[in-house]
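# Fold the following for me, if possible:
(chains A, B, C and D, ligands or ions: 4)
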Number of protein chains: 2
Amino acid sequence: MTATISREQQLIEAEAACLRRGAKLTPLRRQVLELILAADSPVGAYALLDRLKADRPGAAPPTVYRALDFLLENGLIHKVERLNAFIGCVETGHGHAHDHPHQFLICRRCGATVEIADSAVADAIAAAAARVGFTAVEATVEIEGVCARCGTA
Amino acid sequence: MTATISREQQLIEAEAACLRRGAKLTPLRRQVLELILAADSPVGAYALLDRLKADRPGAAPPTVYRALDFLLENGLIHKVERLNAFIGCVETGHGHAHDHPHQFLICRRCGATVEIADSAVADAIAAAAARVGFTAVEATVEIEGVCARCGTA
DNA sequence: TGCCGTCACGATATAGTATCACGCGACGCG
DNA sequence: CGCGTCGCGTGATACTATATCGTGACGGCA
Ligand SMILES: [Zn+2]
Ligand SMILES: [Zn+2]
Ligand SMILES: [Zn+2]
Ligand SMILES: [Zn+2]
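Ligands and ions are numbered 1, 2, ... in the order given. So this is what the prediction gives:
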């Protein structure tokens, strides 16, 4: 399972990024991040809460939402709006910017969700916005369809 | 107020589109659509419910959600995922397709949300998906930033 | 050392969004 | 008339997210 290696690398990257930013990846926050990275699809806040309760019986909604806020602010995870769920950020090149252009591909059959960072899409969006005098700051792009695996099967 | 004229035109278009599709725009559904078109920003389901209750004291969540489902299925409105709110579709050219490529521009200052249909964005998205073997069916594109009015002010 | 501000987090309550399940009456059709 | 479908009323429930208060740990600074 190569995914395990990638997950651990992501955790190491995350700790490094927090160090650079002066942000504290506390045990609780790290544990929530681990839970998100361990899942193979986006995870809802209450699913995280349930899993968290195994270790921390006192965990409540604010516990997980505060951790999620931290992880979002530090660019370690993203929210998938269509699913009300959270997924780890795969971007490691630029040091987990607070916010970077990205898009999601969501498979309708298997639920797999992958993050891509296509600059042509980002450019087209910025251009379309500028054409009507709108200054784009951030864009949610969530593409539903059928992934390669499900398409051939 | 030219918007009023546009709204009435939208309602007429909506009725025509439903006739063509064999769908029934009942008084309740029409009223919900009117409420959505009357608002100058996207409206939440419970805001609609509150306004609906003025006329229909018995209205409950399923009342409005069923109407919203109908309007969504018939392409008369869209959901803005980032806001958990609904907005009228401005597309009248192709007869309110069940589903057409579109993008939203959401102003962070004034909350104004406008729908555009930029084919360059749609093409870039389809191309980016195809590049990784993904067949795009539908895409949510919600662009946050500053609108022309707020940018110059 | 003592004071103080900030921060992470526990704990309780509440707000906001969406769906389920049941039933009934209107309508269209054979 | 018998029957199926559909629109919608009604009550309950599930799911998602935030508000508020308190407390203990830590770090800066006289
Ligand atoms: Zn990312
Ligand atoms: Zn798939
Ligand atoms: Zn539209
Ligand atoms: Zn504005």
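# how about the longest helix along chain A, does it reach ligand 1?
Longest helix in chain A by number of residues, with DSSP state H as the criterion: helix A:2-21. No: applying C-beta under 5 Å from the ion, one finds helix A:2-21 separated from ligand 1 by no less than 10.9 Å. Placement of C-beta: from N, CA and C, glycine included.
# what residues does that helix touch?
A:24-25, A:30, A:33-34, A:37-38, A:40, A:74-76, A:88, A:90, A:92, A:95-96 (C-beta atoms under 8 Å, 6 or more residues apart in numbering or on different chains).
# residue boundaries of the strands in chain A?
A:77-80, A:85-88, A:103-107, A:113-116, A:135-146 (DSSP state E).
# Between the ones you listed, which one is closest to ligand 4.
Ligand 4 lies closest to strand A:135-146 among these, at 10.0 Å (C-beta to the ion).
# ok, back up a step: using ChimeraX, define a selection of the buried residues within the contacts of helix A:2-21.
Here is the ChimeraX command that selects the buried residues among those (16 or more other C-beta atoms under 10 Å in any protein chain shown):
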select /A:25,30,33,34,37,74,75,76,88,96
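# Return the item of the contacts of helix A:2-21 having minimum pLDDT.
The member of the contacts of helix A:2-21 with the lowest pLDDT is A:G95, at 54.
# Counting neighbours, what do you get for the residue nearest to A:E91 when sequence neighbours are not counted?
With sequence-adjacent residues excluded and distances taken as C-beta to C-beta, 6 or more residues apart in numbering or on different chains, A:E91 is closest to A:H100, at 5.6 Å. When neighbours are defined as other C-beta atoms under 10 Å in any protein chain shown, A:H100 has 17 of them.
# do the same with A:E142
19.
# That one pairs with what?
A:F104, B:T140 (DSSP bridges).
# Report pLDDT for it.
98.
# which residues touch A:R30?
Shown in contact with A:R30 (C-beta under 8 Å, 6+ apart): A:L11, A:A14, A:E15.
# mind checking how far the closest residue to ligand 3 within chain A is from A:V121?
Closest contact between chain A and ligand 3, by C-beta to the ion, is at A:A128 (14.8 Å). Per C-beta to C-beta, to the nearest Å, A:A128 is found 11 Å from A:V121.
# out of the two, which sits in the more crowded spot?
A:V121 (27 against 23).
# Number of residues surrounding A:Y65?
Residues near A:Y65, counting by other C-beta under 10 Å, number 14.
# That one contacts A:A45, correct?
Yes: counting by C-beta atoms under 8 Å, A:Y65 sits close enough to A:A45 to count as a contact (6.2 Å).
# related to what we said a few turns ago, quick one: mean pLDDT for the longest helix of chain A?
83.
# Report whether it contacts DNA strand D.
No: using C-beta under 7 Å from any atom of the strand, helix A:2-21 stays clear of DNA strand D, coming no nearer than 14.3 Å.
# Please tell me I have it right and A:P61 contacts A:L52.
No: with contact defined as C-beta under 8 Å, A:P61 does not reach A:L52; the gap is 10.6 Å.
# State the distance from the residue nearest to A:E91 to DNA strand D.
Distance, A:H100 to DNA strand D, using C-beta to the nearest atom of the strand, to the nearest Å: 21 Å.
# pLDDT wise, what is that residue at?
93.
# Need phi/psi at it.
phi -130, psi 150 (degrees, to the nearest 10).
# how much space between it and A:K24?
Where A:K24 is concerned, A:H100 sits at a distance of 22 Å (C-beta to C-beta).
# who has more neighbours, A:P61 and A:L52?
A:L52 (20 against 10).
# of the contacts of helix A:2-21, closest to ligand 1?
Taking these together and measuring to ligand 1 by C-beta to the ion, the closest member is A:V90, at 6.0 Å.
# Leaving aside the residues adjacent along the chain, what's closest to the closest one?
In space, A:V90 is closest to A:E115, 5.0 Å off (C-beta to C-beta, 6+ apart).
# Please name the bridge partners of the one you found.
In beta-bridge terms (that is, DSSP bridges), A:E115 pairs with A:F104.
# residues near the nearest residue to the residue of chain A closest to ligand 3 once chain neighbours are set aside, how many?
Spatially, and ignoring its direct neighbours in sequence, A:A128 is nearest to B:D118 (3.9 Å; C-beta to C-beta, 6+ apart). Neighbourhood size, B:D118 [other C-beta under 10 Å]: 19.
# Show the contacting residues for B:D118.
A:A124, A:A128, A:R131, B:Q103.
# Would you show me how to pick out the buried ones of those in PyMOL?
Selection of buried members from these for PyMOL, criterion 16+ other C-beta under 10 Å:
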select buried, (chain A and resi 124+128) or (chain B and resi 103)
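# The contacts of B:D118 in helices, which ones?
Going by DSSP H, the helices hold A:A124, A:A128, A:R131 from these.
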